[in-house]
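Chemist: Sequence and predicted model, in that order:
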Amino acid sequence: MQKGNIGVTTENIFPVIKKFLYSDHEIFLRELVSNAVDATQKLKTLASMGDFKGELGDLTIHVSVGKDTITVSDRGLGLTAEEIDKYINQIAFSGANDFLEKYKNDANAIIGHFGLGFYSAFMVAKKVEIVTKSYKEDAKAVKWTCDGSPEFTLEDAERADRGTDIILYIDDDCREFLEESRISALLNKYCRFLPIPVAFGKKKEWKDGKQVETDEDNIINDTTPLWTKKPSELKDEDYTKFYRDLYPMSDEPLFWIHLNVDYPFHLTGILYFPKVKSNIELTKNKIQLYCNQVYVTDSVEGIVPDFLTLLHGVLDSPDIPLNVSRSYLQSDSNVKKISTYITKKVSDRLQGIFKNDRKQFEEKWNDLKIFIHYGMLTQEDFYERAKDFALLEDTDGKYYTYDEYKTLIKDAQTDKENVLVYLYANNKDEQYSYIEAAKAKGYNVLLMDGQLDIAVISMLEQKLEKCRFTRVDSDVVDKLIVKEEQKGETLDAGKQEVLSVMFKSQLPKIDKAEFHITTEAMGENAFPVMITQSEYMRRMKDMANIQSGMSFYGEMPDMFNLILNSDHQLVKEILENENQTCHASVEPIQKEMDETDARRQELRKKEEGKKADEIPTAEKDELSELDKKWEELKQQKDKVLTDYAGENKVVRQLIDLALLQNGMLKGEALNKFLKRSIELIG
Ligand code: ADP
């Protein structure tokens, strides 16, 4: 028997491994099983190159759980005593390097590196034994034992067949790993797609209402997962079946992309565009990352562009450095290349569907747009690719590319500053009458109701030349796109004022909303009263809702315009009736106001150009008296108008109708409106 020290610094390295090296102790199983796969694949490689002439036989790797032990057994190339010394004892020396050197050109079959590999066994074991026999002729079986201190023993052993058993004597605080269900779950997580069959126990079958073991090995892995196959040999059903296996709870995917590159890096995989029922379901970390079919992680941030972390599927590459920090990953040149490659593949695929099957692309657009928009917003190179196939949908459900849409609206929707005005609605039902009015004028209205559309609008305003987005209800239809100087309001100022006072007095109080009342000659067929909200104000509020730090705008009340259509018969009648009923009381007040104002103007003219101390006190006093008097008269007049308006059901009905049209009539005000409507009918 040979005794010795493991060739690291004499310090005890195992506590370090145990505590700091791996945050997840469970990965010991991945390390050991992938070492077994590695040894088996090496033997297969030797056989294929004629360097191993024996029978390969059944190469299944067996994982078994005993009372205190976990054993991983393989029929790979095994180890000689010298090799144990070289590869196990001299920890810093990685055997794979030697092998790689020798079989450089067939390195594909060699599993990647996972840090300290074998030694991770000590994360869960108090003692580890290796019983192994090399494939080499005349090799003797040996047993290596180590109890977690740097000392080991190496002795002769009995083993009929070539291959290796790794036997872990599980630590008392790790006994959870002795549960069959735990090991089964770990194998499913890490070993599900390993390229060599892995057996755990025997297949079970139902017999007489009980589960009984059969003689057949329970193979836990699929050795040739879909991504390792040639795309040309696969059917759609294969892809959808694989997707269902990976994500049993998800809907059918929209489509998929099979990745397969050999140069300048190795990457295979399948990415799926998931169908998401709601945005809440959008989750990252659904893509699984593999290294030569060994599961590594489901966190691919930093490896694929951010917007693609929303996709599902698998990526497999031996060229992604593992066990390094995420920030390091992002600066790694291979990772950068991989990320760029994936972006290009995804956009090529989208472009392909768009070109070859536009109908299908349009049908899927609503499910796709969240991914495409997110990509365009966050990644310049993706914007450049996607701008040719990204779609705009109008309120009639028709789809256009950016270029097509520009051509469509160019003639009708260019304003006098030569700016192309894109009209949009974000709710077809709520903005129905505004949409209809715009369409009647020959405009097209886009539907922008996606979660990212506020941001998409800003992006397009910057990217597309000379254009502006305006929501259909941001102004009366004639002013949405100003094409020439408009004739403006013809109603005289006095009458405008009368209407404004009357309507203002009857507006119900609405929380966090303020109204500015104006009149406008909108034509006799337009609605008598309209409510609009300026694009600028609304956007500020929208932005405030999604960005903190803009709460100033969020706190502000919503400012609306209540616009009275002075061309409308009902508005005209209100003015006439007011005149008939109120003229007698308003006229004397108005006369006095006019006289007061005339005298006021006179005094002001006199004072013009004089300094304050040059004006006699008497004059100053008179002026302030006049101001006061005018205010009082104005209040008297307004009271007459307000009282009258309070009696006038048409005024209140028109206001309520406008509020109703905008979904702003609620609670008590709505109840009053209903009662008043019934009275008016009766
Ligand atoms: P790595 O696999 O990264 O080289 P490990 O610590 O996991 O590092 O393993 C060290 C070496 O021990 C391997 O390179 C290999 O030569 C040898 N080895 C480990 N497990 C086995 C096994 N099951 N069969 C044969 N050799 C093995």
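Modeler: Sure, I can see it. Predicted model, so just to flag it, every value in this text is computed and none were measured.
Chemist: quick one: low-confidence ranges for the stretch 501-650 of the chain?
Modeler: When residues are selected by pLDDT under 70, those of the stretch 501-650 of the chain lie in 546-554.
Chemist: Show me where it has its helices.
Modeler: Along the stretch 501-650 of the chain, the stretches classed as helices by DSSP state H, counting those that start in this stretch are 535-546, 551-555, 569-607, 617-647, 649-661.
Chemist: chain center to the first one: distance?
Modeler: Looking back up the chat, that one is helix 535-546. A distance of 21 Å separates the centroid of the chain from that of helix 535-546, by C-alpha atoms, centre = their mean, to the nearest Å.
Chemist: Now do the same contact list for Phe361.
Modeler: Leu350, Ile353, Phe354, Leu368, Phe389, Leu391 (C-beta atoms under 8 Å, 6 or more residues apart in numbering). To be clear about C-beta, it is placed using only N, CA and C from the backbone, and glycine gets the same treatment.
Chemist: try 10 Å this time
Modeler: Counting by C-beta atoms under 10 Å, 6 or more residues apart in numbering, Phe361 makes contact with Phe255, Leu350, Gln351, Gly352, Ile353, Phe354, Lys355, Leu368, Phe389, Leu391, Tyr399.
Chemist: part of a helix, is the third one?
Modeler: Yes: under the criterion used here (DSSP: H, G, I helix; E, B strand; the rest coil), Gln351 sits inside a helix.
Chemist: what's around it, how many residues?
Modeler: A count of nearby residues for Gln351, using other C-beta atoms under 10 Å, gives 15.
Chemist: Wait, a helix at Val201?
Modeler: Actually, residue 201 is Gly rather than Val. No: assigned with three-state DSSP, Gly201 falls outside any helix and is strand.
Chemist: I'd say it and Ile183 touch.
Modeler: Yes: contact criterion C-beta atoms under 10 Å: Gly201 and Ile183 qualify, at 9.2 Å.
Chemist: any residues in contact with both of the two?
Modeler: With C-beta under 10 Å, 6+ apart as the test, Gly201 and Ile183 both reach Val63, Ser64, Val65, Ile220.
Chemist: out of everything not next to it in sequence, what's closest to whichever residue of the stretch 351-500 of the chain sits closest to the ligand?
Modeler: Nearest to the ligand, among the residues of the stretch 351-500 of the chain, is Gln379, at 35.4 Å (C-beta to the nearest ligand atom). Excluding its sequence neighbours, the residue lying closest to Gln379 (C-beta to C-beta, 6 or more residues apart in numbering) is Pro305, at 5.7 Å.
Chemist: do the same with Ile220
Modeler: Closest to Ile220 by C-beta to C-beta, 6+ apart is Leu187, at 4.7 Å.
Chemist: Does the one you found touch Leu32 like I think?
Modeler: No: look at Leu187 against Leu32 with C-beta under 10 Å: they stay out of range, at 11.2 Å.
Chemist: Show me whatever sits in contact with both of the two.
Modeler: With C-beta under 10 Å, 6+ apart, Leu187 and Leu32 have common neighbours Val63.
Chemist: between those two, who's got more neighbours?
Modeler: Shown here are Leu187 and Leu32; by other C-beta under 10 Å, Leu32 has more neighbours (24 against 21).
Chemist: Check which helix or strand that one maps to.
Modeler: helix 28-48 (DSSP states H and E).
Chemist: cool, Arg192 as well?
Modeler: With DSSP H and E as criterion, Arg192 is part of no helix or strand.
Chemist: Check the secondary structure at the residue lying closest to it once chain neighbours are set aside for me.
Modeler: Excluding its sequence neighbours, the residue lying closest to Arg192 (C-beta to C-beta, 6+ apart) is Asn221, at 5.5 Å. Secondary structure, three-state DSSP: Asn221 is coil.
Chemist: coming back round to it: do you know how far the residue of the stretch 351-500 of the chain closest to the ligand is from Lys345?
Modeler: 14 Å (C-beta to C-beta, to the nearest Å).
Chemist: Same question for Pro195.
Modeler: From Pro195 to Lys345 the distance is 24 Å (C-beta to C-beta).
Chemist: got any ranges where the stretch 151-300 of the chain has weak pLDDT?
Modeler: 277-285.
Chemist: please redo it, this time with the cut-off set to 80
Modeler: 276-285 (pLDDT under 80).
Chemist: That one against the ligand: which residues are in contact?
Modeler: Listed as neighbours of the ligand in the stretch 151-300 of the chain under the rule C-beta under 6 Å from any ligand atom: Thr164.
Chemist: Return the distance of stretch 158-167 from the chain's centre.
Modeler: 51 Å.
Chemist: Skipping adjacent residues, who's closest to whichever residue of the chain sits closest to the ligand in space?
Modeler: In the chain, no residue comes nearer to the ligand than Gly117, which is 2.0 Å away by C-beta to the nearest ligand atom. Leaving aside its sequence neighbours, Gly117 sits nearest to Glu31 (C-beta to C-beta, 6+ apart; 5.0 Å).
Chemist: one step back: is any part of the helix holding Leu32 close to the ligand?
Modeler: Yes: Helix 28-48 is in contact with the ligand by C-beta under 6 Å from any ligand atom, via Glu31, Asn35, Ala36, Ala39.
Chemist: And those, which two are furthest apart?
Modeler: Comparing every pair within those by C-beta to C-beta identifies Glu31 and Ala39 as the most remote, at 12.7 Å.
Chemist: okay, now Glu555: neighbour count?
Modeler: 10.
Chemist: same check, this time on Ser48
Modeler: 12.
Chemist: Run through the residues that contact the residue nearest to Arg192.
Modeler: If you count contacts by C-beta under 10 Å, 6+ apart, then Asn221 has 33, 37, 61, 187-188, 190-200, 293 around it.
Chemist: Narrow those to those that are buried.
Modeler: 33, 37, 61, 187, 190-200, 293 (16 or more other C-beta atoms under 10 Å).
Chemist: which ones are touching Tyr536?
Modeler: Here Tyr536 is in contact with Thr470, Ser474, Met559 (C-beta under 10 Å, 6+ apart).
Chemist: Can you list the low-confidence ranges for the stretch 351-500 of the chain?
Modeler: In the stretch 351-500 of the chain, residues with pLDDT under 80: 484-490.
Chemist: before we move on, back to that, please enumerate the shared neighbours of Gln379 and Lys345.
Modeler: Leu308.
Chemist: still on that earlier bit, just put the helices of the stretch 501-650 of the chain in CSV and tack on distance to the ligand.
Modeler: Listed next are the helices of the stretch 501-650 of the chain as CSV, based on distance: least, C-beta to the nearest ligand atom, whole Å:
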stretch, distance to the ligand
helix 535-546, 47
helix 551-555, 54
helix 569-607, 85
helix 617-647, 87
helix 649-661, 71
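Chemist: Now do the contacts for Glu213.
Modeler: Gly201, Lys202, Lys203, Lys204, Glu205, Lys207.
Chemist: Which residues does the helix or strand hosting the fifth one contact?
Modeler: Same thing as Glu205. Secondary structure assigned from DSSP H and E places Glu205 in strand 198-207. Strand 198-207 is contacted from outside by 33, 36-37, 58, 60-65, 72-74, 180, 183-184, 186-188, 191-192, 210-221, 223, using C-beta under 10 Å, 6+ apart.
Chemist: Show me the residues you listed that map onto strands.
Modeler: 61-65, 72-74, 210-219 (DSSP state E).
Chemist: List only those of those residues flagged as buried.
Modeler: Of those, these count as buried by 16+ other C-beta under 10 Å: Ile61, His62, Val63, Ser64, Val65, Val72, Ser73, Asp74, Asp217.
Chemist: Kindly state the pLDDT recorded for the fifth one?
Modeler: It stands for Val65. We have a pLDDT of 97 for Val65.
Chemist: That one contacts Ile167, doesn't it?
Modeler: No: using C-beta under 10 Å, Val65 makes no contact with Ile167, being 11.4 Å away.
Chemist: list residues touching both of those two?
Modeler: By C-beta under 10 Å, 6+ apart, the residues touching both Val65 and Ile167 are Thr71.
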